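Engineer: got a sequence here, can you model it:
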Amino acid sequence: MKRLIYKIQLLIASLFVCNLAMAQLPLQFGDGVITHSPNSYAATGPTTTPAVLRVVHTSNTTTAPLGATWDLPSKPANDFYPNWNVNNLGYVFGITLDQQPNPNIYVSSTQIYTNTTLNKRQVWRLNGTNGSHSLVYDFNNISGSGNLTSSRSLGNLKYLKAGLRENIYVSDWETGSIQRLTGNSSGAAIWVIQNAFVPLFGKPAKDINEMPYGLAVRRMASGAYKLYYAKVSTNSNSNSIGGYGGNEVWSVDLDPNGGFISGTETMSITPNINRNPSSWGGYTPGGGYNGTILPVISDIAFTRNGQKMLVGQQPWGAFAQLAPHNADVREFLNAPMSSSTWINSGNQFPAGNFIGVGNYCNSVGGVSYSDNILKKDGVSFACDTTVWFMADYINVQNTTSSTAGNTVYGLQGMNANGGAANNRNNSIWIDADDLLDFYDKIFLGDVEIYKNPKACAEECACGTWNSIGLNANPKWWVNDATAGHQASPIPTLTFNQGQSTGVILPNFSCSGSCSPTFTYQIISIDGTSAGSWSGPNLDLGQDKIRNLRCGSYSIVITPTCGETTCPGVRINLVIVCPPPCPGCNSESSVKLTGTPVITAVSNQSNPNPVSTLSASLTITNSVPVTEIRVLVDEFRIYSASGNDNCILCKNQPKTWGSFQSGMLTGVALQTGLSTALTNDSRELVFTNGPGTLFNLSSGKTLSFTLGLPGVTGLDCCNLKAEICMKLTIRDANCCEKEVVKCITINLQ
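Structural biologist: Residues are numbered from 1 along each chain as shown. Take a look at the predicted model:
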């Protein structure tokens, strides 16, 4: 019986050891990877495990208490593989993940733990399925070739897949540059070095004392990428605020493959996040320092939409030498993204516990957003809903080796949108090595959370027009995505006053998981608004439209996607007044005869170009006529390509749809026409004198030529003109009938 009990105890013990020693890969959405030193600060601590990184299972936090230590057995152990040790990988800090279905983990060498790197400047890949390690790239130690010391190593690293190109960016303290590696994460770990980017940090030439540290890639609203990086320096005044780099954040633009675009280095205008110099009495890590502790930015993270920037500070007592208790976790907001200003987001992330040195200022540098909702299972997601960061002094209770304590140094999780209500008591505490009896002060590193790529809906943005219809049929206008112009023009809507009818149905597609909203505005010919509406459609039969005065109008339909106003569409509307007396019951018609002839004149051949439109109208009227007046009632020119540079500035009066000539068969023209560019002839009057009648029952042809603006002659321009002419036909009964005829032409 004793032997059986012993075997059971041995089995339980072996299972417990395996649970601590075997990492649970692949990562689940919401799981985190953390780095740390293999050393222990406690002189009386246990034999130090050689592990330098672990997997922390933060995907399911339903059993995690708030404001208390999340401990075994309800918490899964922080796992690692036996090969994740200091002898294989060296000391590591930076972490990044690729985009494989089971993401691989990448780590980079560091000197921040006791100022040593084991003479390494390497990037390692840990297989996302079995944890095996392989060397991605060895930059080799080139100390002595320049200004830098032999202890210099790497800062942080970040992965980006841009198009089909995979990139890893590494902040290199040996050269003061940002290295770029390209390779293939799905096969063998074969990565090659590309041209490095050398930050100047606003100076005319490289300062050999300055180098980048924390890195993050930001996706802009345009779809382009920027690489952001923090500055650190060896030549800082540790007795003033801003030592070791001043907590500056800079950025450089990336091309579609992830390459650096020269000349685009910009400083991000962030609020002052420096802290007053602090000291920790009697504390001398790694050989000692002068007692002054100042923070630097060692890690940066962005929300998926790029509008929030999370900054993790790391306290230094000397260059690249960790010290405790004087660094923050801060979040900044850039909205709209076109702005260059970052402001405090209003979300607070107090790191660790309050001590006399500072107020919850125990950040150690690593920060990451997570899509897994705090205190939920591993399948409950919301975009960038949680923030995780590395902190020391989260809790200190008992630090003797003889009594079980509750000392937590490691990972802290908070609601990403908790505002000022966030505090230590509503956060989750996870010790880095699951050993609660010992300090891990100055031995904690970075954190990276595996985010669910489908947790964030695609940002709502402008898309494309599909069609516009009246009563759903017919559809007037369908977007021609290939040619980028209107495939079929929208005709002018003409109604007698008080008789408008029908429903306009716009069809526009936003990009992203959102639907458009529409506004409608009716604008009179003088540019004033005659009414505005909103909704999925526009009822033309409503009183406000039926009561419009006679004349020409435009209906402007504007879609909105999310908070973005998108390009609108214009529809011409003409309200016609009925004949002034009951006896005016003649029947009239005006039809376009043949195809208008366009003669486009460019400013490349004529300094004062005047294009022309020549066309003919056939006019019929059932009652003999005494006078016909033809008025250019509305003229509009616009660039269908949306480029206003296609419209020349030399649009003089004669080019504003002015008549150059006009002839009505058998009828005299009573108005004079001028060829001067400064004259604007907008009306033709045809009559053979008072009381003289002419018969239009079989139709008469009106031929005319209009002056139009000159063109640029550039193939990329697509210039259109809309001309509406009002014909007033006065018959033998002194009744006048108005007929509006509109023509849309491609001028260029």
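
Engineer: three-state assignment of the residue positioned nearest the centre of the chain?
Structural biologist: By CA atoms, centre = their mean, the mean C-alpha position of the chain lies nearest to residue 221, the distance being 2.2 Å. Here residue 221 is coil, with the state taken from DSSP: H, G, I helix; E, B strand; the rest coil.

Engineer: then residue 169?
Structural biologist: Secondary structure of residue 169, reduced to three states by three-state DSSP: strand.

Engineer: phi first, then psi, for the residue lying closest to residue 76 once chain neighbours are set aside.
Structural biologist: Among residues not flanking residue 76 along the chain, residue 57 sits closest, at 4.0 Å (CB to CB, 6 or more residues apart in numbering). The way it works is simple: take the backbone N, C-alpha and C, and place the C-beta from them, glycine included. The phi/psi pair for residue 57 (degrees, to the nearest 10) reads phi -90, psi 90.

Engineer: what residues does stretch 253-268 touch?
Structural biologist: With contacts defined as CB atoms under 8 Å, 6 or more residues apart in numbering, stretch 253-268 is touched by 160-163, 165, 167, 178, 180, 182, 194-195, 197, 199-202, 217, 224-228, 248-252, 309, 340, 342.

Engineer: now the terminal residues of it, how far apart.
Structural biologist: Terminal residues of stretch 253-268 lie 12 Å apart, using CA to CA, to the nearest Å.

Engineer: next helix or strand past the worst-scoring helix or strand of the chain on mean pLDDT?
Structural biologist: Least confident helix or strand, the chain: helix 2-21 with a mean of 35, by mean pLDDT, DSSP states H and E. Going down the chain from helix 2-21, the next helix or strand is strand 32-36, by DSSP states H and E.

Engineer: other SSEs contacting that following strand?
Structural biologist: strand 53-56, strand 92-97, strand 363-372, strand 408-415, strand 444-449 (3 or more CB pairs under 8 Å, 6 or more residues apart in numbering; DSSP states H and E).

Engineer: what is the fourth one packed up against?
Structural biologist: With contacts taken as 3+ CB pairs under 8 Å, 6+ apart, strand 408-415 sits against strand 32-36, strand 381-395, strand 428-431, strand 444-449.

Engineer: quick one on the thing from earlier: out of the helices and strands packed on strand 32-36, flag the one nearest residue 616.
Structural biologist: strand 363-372 (66.8 Å; CB to CB).

Engineer: now do the same for residue 255: its pLDDT.
Structural biologist: In this model, residue 255 is scored at 93, pLDDT.

Engineer: now do residue 437
Structural biologist: 81.

Engineer: name the helix or strand for the residue lying closest to it once chain neighbours are set aside, please.
Structural biologist: Nearest residue to residue 437 in three dimensions, chain neighbours excluded: residue 405, at 4.6 Å (CB to CB, 6+ apart). Under the assignment given by DSSP H and E, residue 405 is not contained in any helix or strand.

Engineer: what do you get for residue 160?
Structural biologist: Using DSSP H and E, residue 160 sits within strand 154-162.

Engineer: listing partners with orientation, what would you give for that strand?
Structural biologist: strand 165-172 (antiparallel) (DSSP bridges).

Engineer: CA-only coordinates of the strand it pairs with in PDB, if you can.
Structural biologist: Extracted as PDB, the C-alpha positions of strand 165-172 are listed here (Å, rounded to 0.1, in the frame of the first residue of the first chain):
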ATOM      1  CA  ARG A 165       6.700  40.500 -48.500                       C
ATOM      2  CA  GLU A 166       7.400  39.500 -44.900                       C
ATOM      3  CA  ASN A 167       9.600  41.900 -42.900                       C
ATOM      4  CA  ILE A 168      11.200  42.000 -39.500                       C
ATOM      5  CA  TYR A 169      12.400  45.400 -38.200                       C
ATOM      6  CA  VAL A 170      15.100  45.400 -35.500                       C
ATOM      7  CA  SER A 171      16.400  48.400 -33.500                       C
ATOM      8  CA  ASP A 172      20.100  47.900 -33.500                       C
END
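
Engineer: next, the angle strand 92-97 makes with it.
Structural biologist: Strand 165-172 and strand 92-97 are oriented at 160 degrees to each other (axes from the mean of the first three to the mean of the last three CA atoms, to 10 degrees).

Engineer: would you mind listing the buried residues in strand 165-172?
Structural biologist: Neighbour-count burial for strand 165-172, counted by 16 or more other CB atoms under 10 Å, picks out 166-172.

Engineer: before we move on, back to that, contacting residues for the residue nearest to residue 76?
Structural biologist: Contacts of residue 57 (CB under 8 Å, 6+ apart): 24, 28, 31, 75-76, 78-79.

Engineer: what do you get if the cut-off is 10 Å, keeping everything else the same?
Structural biologist: Contact analysis of residue 57 by CB atoms under 10 Å, 6 or more residues apart in numbering lists 23-24, 27-28, 30-32, 75-79, 378, 430.

Engineer: before we move on, the earlier item: redo the helices and strands packed on strand 408-415 as JSON lines? Include distance to residue 113 and mean neighbour count.
Structural biologist: Supplementary listing: those in JSON lines, determined by distance: least, CB to CB, whole Å; neighbours: other CB atoms under 10 Å:
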{"stretch": "strand 32-36", "distance to residue 113": "8", "mean neighbour count": "27"}
{"stretch": "strand 381-395", "distance to residue 113": "13", "mean neighbour count": "24"}
{"stretch": "strand 428-431", "distance to residue 113": "18", "mean neighbour count": "24"}
{"stretch": "strand 444-449", "distance to residue 113": "8", "mean neighbour count": "29"}
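
Engineer: so how far is stretch 330-346 off the chain centroid?
Structural biologist: Between the centre of stretch 330-346 and the centre of its chain there are 13 Å (CA atoms, centre = their mean, to the nearest Å).

Engineer: whoops, I mixed them up, stretch 374-393
Structural biologist: On CA atoms, centre = their mean, the centre of stretch 374-393 falls 23 Å from the chain's centre.

Engineer: same question for stretch 304-323.
Structural biologist: The answer for stretch 304-323 is 23 Å, by CA atoms, centre = their mean.

Engineer: shaky segments in the stretch 401-550 of the chain?
Structural biologist: By pLDDT under 70, the low-scoring segments of the stretch 401-550 of the chain are 401-404, 458-459, 472-489, 513.

Engineer: go through the helices and strands packed on strand 32-36 and name the closest to residue 468.
Structural biologist: Of all the helices and strands packed on strand 32-36, strand 363-372 sits nearest to residue 468, with 38.9 Å by CB to CB.

Engineer: strand partners (parallel or antiparallel) of that closest one?
Structural biologist: When pairs are called by DSSP bridges, strand 363-372 turns out to pair with strand 381-395 (antiparallel).

Engineer: now the strand it pairs with against strand 408-415, angle please.
Structural biologist: Between strand 381-395 and strand 408-415, the angle comes out at 150 degrees (the same axes, to 10 degrees).
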